[in-house]
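> I would like to see how this sequence folds:
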Amino acid sequence: MRALEEYEKLIGYEFRDRGLLETALTHSSYANEHKTESYERLEFLGDSVLGFVTAEYLFENMGHLSEGQLTKTRAALVCEKSLCGFSRSLEVGSFLRLSHGEMHSGAGSGPVYWRTCSSPPPPPYTLTAVSLMRQRGSSCAL
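Residues are numbered from 1 along each chain as shown. As a prediction, this is how the structure comes out:
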């Protein structure tokens, strides 16, 4: 697991509430071992927040697209494949707080599902978006 400061530099944002970022990067296996909270409650909001922020961006910046084109573009941007690819390109999985067993199952690069992104959990990018929203207040746009 890499330092949270490195993650903040990577995403270009410094968290006032470091605990929120820690939670966003905490796998349930680690939470069970260390009696702390995992990202699962944040995951509840993740897809909706990312979908909303993406839709708002496209609406404001892609005025030439029809509603159907906007919908298809948003869906392509927030789909698991796109988010996993983005997360992998930034090596975000290396920031996850994982249990001892999960760390070893991934041969040093996180668990298998972070290398393949073929199953849950959600990409850390989604959880980071939710964390930013929670820190700034739910009535504020990201």
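
> CA atoms for contacts and neighbours, from now on please.
OK.

> for the chain, what are the low-confidence residue spans?
Residue ranges of the chain with pLDDT under 70: 1, 106-142.

> let's go with 80 and repeat that
1-2, 44, 46-47, 80-93, 102-142 (pLDDT under 80).

> now do the same contact list for Ser29.
Listed by Cα atoms under 8 Å, 6 or more residues apart in numbering, the contact set of Ser29 reads Leu98, Ser99, Glu102.

> doesn't it lie inside a strand?
No - going by DSSP: H, G, I helix; E, B strand; the rest coil, the assignment for Ser29 is helix, not a strand.

> one step back: out of the contacts of Ser29, which are inside strands?
Secondary structure from DSSP state E places none of the contacts of Ser29 in strands.

> as a markdown table, these with neighbour count and distance to Leu20 would be great.
Formatted as a markdown table, those follow (neighbours: other Cα atoms under 10 Å; distance: Cα to Cα, whole Å):
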| residue | neighbour count | distance to Leu20 |
| --- | --- | --- |
| Leu98 | 23 | 16 |
| Ser99 | 19 | 19 |
| Glu102 | 17 | 22 |
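
> need those residues in a markdown table with distance to His27, can you?
Converted to a markdown table, the contacts of Ser29 look like this (distance: Cα to Cα, whole Å):
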| residue | distance to His27 |
| --- | --- |
| Leu98 | 6 |
| Ser99 | 8 |
| Glu102 | 9 |
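
> now, which of these sits nearest Leu50?
Closest to Leu50 out of the contacts of Ser29 is Leu98 (23.8 Å), distances taken as Cα to Cα.

> Leu58 reaches Thr71, doesn't it?
No - the pair Leu58 / Thr71 is not scored as a contact, 9.3 Å apart, by Cα atoms under 8 Å.
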